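**Student:** Build the 3D model from these lines:
(one chain, ligands or ions: 1)
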Amino acid sequence: MNAPNKAGWRPAMGDAEVTASPTASGDKALMLEEPLIFELGRPGTCGVDIDEADLPPMDALASFLRAAPPALPGLTEPEAVRHYTRLSRQNYAIDLGPFPLGSCTMKHNPRLNEKVARLPGFADVHPLAPQQTVRGALEVINQLAFWLIELTGMHGVAMSPKAGAHGELCGLLCIKAAIAARGEDRHVILVPESAHGTNPATAAFAGFSVESIPATADGRVDLAALKAKLGPQVAGVMITNPNTCGLFERDMKAISDAVHAAGGYVYCDGANFNAVVGKVRPGDLGIDAMHINLHKTFSTPHGGGGPGSGPVVLSAALSPFGPLPFTARRADGSVVLIEEEDAEAEHPQSFGRMAAFHGQMGMFTRALAYILSHGADGLKQVAEDAVLNANYVLRSLEDVLDAPFGGAGPCMHEALFSDAGLAEGFSTIDIAKGLIDEGFHPMTVYFPLVVHGAMLVEPTETESKAGLDRFIGSLRHVAQRARAGDDSLHGAPHFAPRRRLDETLAARKPVLVWKEQAGE
Ligand SMILES: *Cc1c(COP(=O)(O)O)cnc(C)c1O
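**Tutor:** Next up is the predicted model:
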């Protein structure tokens, strides 16, 4: 399969199609095949002229010199540029079509945000610049902090965490510091079965032991089971709301009250805040700490390892322990940024820092641009449209795909399906690969774990009805093929640059060094 042909290119289309291919290159018009960079390169070739080193002999350092030249592929500049440009054209991107990944919240990023983020006063700001020279950038952080505190009804916010998972760690370190300040020894964090994988990982990383709470038949936290686990050893709970089944945890206030009565704190995974922003204030639900994924809720783009930002809002009970720099609400409603130098006087119980500097400036400018261009009423509509779109997907497909909680009422921002009802031998992976042939990025698959063969679709508020109809039409078609036992679906994708890959092998045994260069 995919052996390089004479020209050194590797045709990837289905074998039958390759033999029928009339081209010598293996390319098909704008479908350009791309070899590995090491197949393309020639050792010794270089894009620039580099002078011979003009250094005195360094006997003392001789043992550090390379014995053999580095295993670089060797390309001219145009070859290198074209290689990466061709690869980029094989990539699916949010600017090409919808990215229906549940939980990930991949939405259109307005171009206005990009324009604002590129203003030199923000884009070129140096993290070590004296503070009096970057007042404008600090004001952006402060205004964003004010909005986050307002929208969540909380007391303070740590802006520095760099992603959702980093925010979780920040919140749990606050809880740890608060418990230590009370002189107590509480080491258990309760996490529901349906939690995002980062939750138990963060709790363990922060030194807590994790105990699981079961879900009810309607996909929500089992309140009675949670209450039964509370006690003097419990530091707190971590609850995702809306949860990863796309459902609102209706018992949130009762959960918070029970946890507080038992002396614990409530952490909320707020990655899905886009479903409730402007509608619900987490502070009113008794939440003590919650991270907000700016890159999911306020549109700053992510994916492919792009930057994130995970500010953590804190209740009055946890705010004193927040990391520096910290933004706190004053009695008059204004917010104030507390820096390290003010810490002794204004924030003496802080647990320390989460990061050098103030956080992800580029994400802050994009998020504030999104917030200001929507306004308070527009943000409310963001949540309404995200939920409306998800329910449109849910109701349009539940006759061909099993919707395990479809009978429990409307979903929030994401629609959850399972592989029940597909023909014998067909499963979620076939649907996902079939969608690639249809020209769509697949949805989130096999997550949440509480549902067998889960398919989690999050359309977000930025898809139009026409766009959703196209997506629904494709998913419906693929689902019908899987129900009818259409064998060709097992071979999907047929039309992508590569066929069905062994993803487990790729993850477990990645080939990171080109064999010839490694001397094998
Ligand atoms: C995305 C997500 C996270 C993790 O956020 P990162 O920014 O990727 O670290 C945590 N919980 C939920 C529910 C999420 O969707």
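**Student:** So the residue of the stretch 251-400 of the chain found nearest the ligand, which state does it fall into?
**Tutor:** Closest approach between the stretch 251-400 of the chain and the ligand, counting by Cβ to the nearest ligand atom: Ala271, at 3.2 Å. For the C-beta atoms, the positions are set from N, CA and C on the backbone; glycine is no exception. Under DSSP: H, G, I helix; E, B strand; the rest coil, Ala271 falls in the coil class.
**Student:** what residue ranges in this structure score low on pLDDT?
**Tutor:** 1-21, 303-306, 513-520 (pLDDT under 70).
**Student:** Mind splitting it into its structural domains?
**Tutor:** Split into domains by automatic domain parsing, the chain comes to 111-368, 381-508.
**Student:** Gln90: which of these is closest?
**Tutor:** Ranking the domains of the chain by proximity to Gln90 (Cβ to Cβ) places domain 381-508 first, at 4.7 Å.
**Student:** roughly how far is the closest one from the heart of the chain?
**Tutor:** 19 Å (Cα atoms, centre = their mean, to the nearest Å).
**Student:** That domain and the ligand in contact?
**Tutor:** No: judged by Cβ under 6 Å from any ligand atom, domain 381-508 stays clear of the ligand, getting no closer than 9.2 Å.
**Student:** Do me a favour and get the end-to-end distance for that domain?
**Tutor:** Length of domain 381-508, first residue to last, Cα to Cα, to the nearest Å: 43 Å.
**Student:** mind checking the longest strand of the protein?
**Tutor:** For the chain, the longest strand by residue count, based on DSSP state E, is strand 234-240.
**Student:** who does it pair up with?
**Tutor:** strand 188-192 (parallel), strand 265-269 (parallel) (DSSP bridges).
**Student:** can you list the residues that contact whatever helix or strand comes next after it?
**Tutor:** The first helix or strand that comes after strand 234-240 along the chain, using DSSP states H and E, is helix 252-261. Residues from elsewhere that reach helix 252-261, judged by Cβ atoms under 8 Å, 6 or more residues apart in numbering: 221, 223, 226-227, 230, 234, 236-237, 239, 241, 249, 265-266, 268, 285-287.
**Student:** Now that we have the strands paired with strand 234-240, can you turn them into TSV and tack on mean neighbour count and distance to Arg498?
**Tutor:** Below are these laid out as TSV (neighbours: other Cβ atoms under 10 Å; distance: least, Cβ to Cβ, whole Å):
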stretch	mean neighbour count	distance to Arg498
strand 188-192	25	37
strand 265-269	28	34
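**Student:** With distance to the ligand added, can I get these in CSV?
**Tutor:** Below are these laid out as CSV (distance: least, Cβ to the nearest ligand atom, whole Å):
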stretch, distance to the ligand
strand 188-192, 12
strand 265-269, 5
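**Student:** Let me have the ones you listed in JSON lines, adding distance to Ile371 as columns.
**Tutor:** Listed next are these as JSON lines, based on distance: least, Cβ to Cβ, whole Å:
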{"stretch": "strand 188-192", "distance to Ile371": "30"}
{"stretch": "strand 265-269", "distance to Ile371": "20"}
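**Student:** Straight-line length of stretch 420-433, end to end?
**Tutor:** End-to-end distance for stretch 420-433: 17 Å, by Cα to Cα.
**Student:** Can you show me the strands along the protein?
**Tutor:** 156-158, 188-192, 209-213, 234-240, 265-269, 289-291, 312-314, 326-329, 335-338, 415-417, 444-445, 455-457.
**Student:** closest to Thr85 out of these?
**Tutor:** Across those, closest to Thr85 is strand 444-445 (Cβ to Cβ), at 29.1 Å.
**Student:** Could you list every helix and strand in contact with that closest one?
**Tutor:** Judged by 3 or more Cβ pairs under 8 Å, 6 or more residues apart in numbering; DSSP states H and E, the packing partners of strand 444-445 are helix 428-437, strand 455-457.
**Student:** Out of those, indicate the one that is most buried.
**Tutor:** strand 455-457 (a mean of 26; mean count of other Cβ atoms under 10 Å).
**Student:** what's the spacing between the residue nearest to Thr202 when sequence neighbours are not counted and Met354?
**Tutor:** Closest residue to Thr202 apart from its sequence neighbours, by Cβ to Cβ, 6 or more residues apart in numbering: Glu168 at 4.0 Å. Glu168 is 11 Å from Met354, where distance means Cβ to Cβ, to the nearest Å.
**Student:** higher neighbour count, those two?
**Tutor:** Of the pair Glu168 and Met354, Glu168 is the one with more neighbours under other Cβ atoms under 10 Å, namely 29 against 22.
**Student:** isn't that one right up against Ala204?
**Tutor:** No: at 11.3 Å, Glu168 does not count as touching Ala204 under the criterion of Cβ atoms under 8 Å.
**Student:** Please list the residues of the protein that sit near the ligand.
**Tutor:** Residues of the chain lying near the ligand (Cβ under 6 Å from any ligand atom): 103-104, 163-165, 196, 198, 240, 244, 269, 271-272, 293, 308, 310.
**Student:** same thing but 5 Å
**Tutor:** Within the chain, the positions adjacent to the ligand are Ser103, Ala163, Gly164, Ala165, His196, Thr198, Thr240, Asp269, Ala271, Gly308 by Cβ under 5 Å from any ligand atom.
**Student:** Tell me the one among these nearest to the ligand.
**Tutor:** Gly164 (2.3 Å).
**Student:** Show the contacting residues for the closest one.
**Tutor:** Residues counted as contacts of Gly164 (Cβ under 8 Å, 6+ apart) are Thr198, Asp269, Ala271, His291, Asn293, Lys296, Gly308, Gly310.
**Student:** Of those residues, which pair is most distant in space?
**Tutor:** That would be Asp269 and Gly308, which, of those, are the farthest apart (Cβ to Cβ) at 14.1 Å.
**Student:** count of neighbours near Glu77?
**Tutor:** 10.
**Student:** again with Leu247
**Tutor:** By other Cβ under 10 Å, the residues close to Leu247 number 23.
**Student:** Look up the closest residue to it, ignoring the ones flanking it.
**Tutor:** Closest to Leu247 by Cβ to Cβ, 6+ apart is Gly219, at 5.1 Å.
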